[in-house]
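>>> Curious how this folds, go ahead:
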Amino acid sequence: QVQLVESGGGLVQAGGSLRLSCAASVHTFSSYAMGWFRQAPGKEREFAATINWGGATSYGNSVKGRFTISRDNAKNMVYLQMNSLKPEDTAVYYCAANSRGWASGVVADYADWGQGTQVTVSS
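As a prediction, the model looks like this:
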């Protein structure tokens, strides 16, 4: 089991930026695919970004061109750089781990989840 701890959320004005971080406690972190998902009140959990073991990335349509996912295998960290934030980006953001290594936008492919960090974008 992987323990994941997110940080970096907060309140930001529309057009601003935030960088989320996720620390993973697992020895084989470099073999995992990592994902960021988000969930707004009353809505289903939504795919934001994923990065596979080799560094290949994929993004949800709503964040493509504005968000960037990256990883540092030496530090067991994954990041989500969020630029040009919009009020509709307001949600709890979750870090997730997929031990099978492939990048996926499907919630069910991720067995381990963090507790989430709140991002609020004001208009």
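>>> going forward, measure contacts between C-alpha atoms and count neighbours the same way
Noted.
>>> From Phe29, how far out is Ala91?
Taking CA to CA, to the nearest Å as the measure, Ala91 falls 26 Å from Phe29.
>>> Check Leu85 too.
Counting by CA to CA - Leu85 and Phe29 are separated by 29 Å.
>>> In contact with Leu20, which residues?
When contacts are counted by CA atoms under 8 Å, 6 or more residues apart in numbering, Leu20 touches 6-9, 79-82.
>>> My error: substitute Ile51 in the last question.
Contact analysis of Ile51 by CA under 8 Å, 6+ apart lists 33-35, 57-58, 69-71, 103.
>>> again with Ser70
Neighbours of Ser70 in contact, by CA under 8 Å, 6+ apart: 51, 55, 78-80.
>>> what's the most distant pair in those residues?
Put simply, by CA to CA the two of those set farthest apart are Gly55 and Leu80, 13.5 Å from each other.
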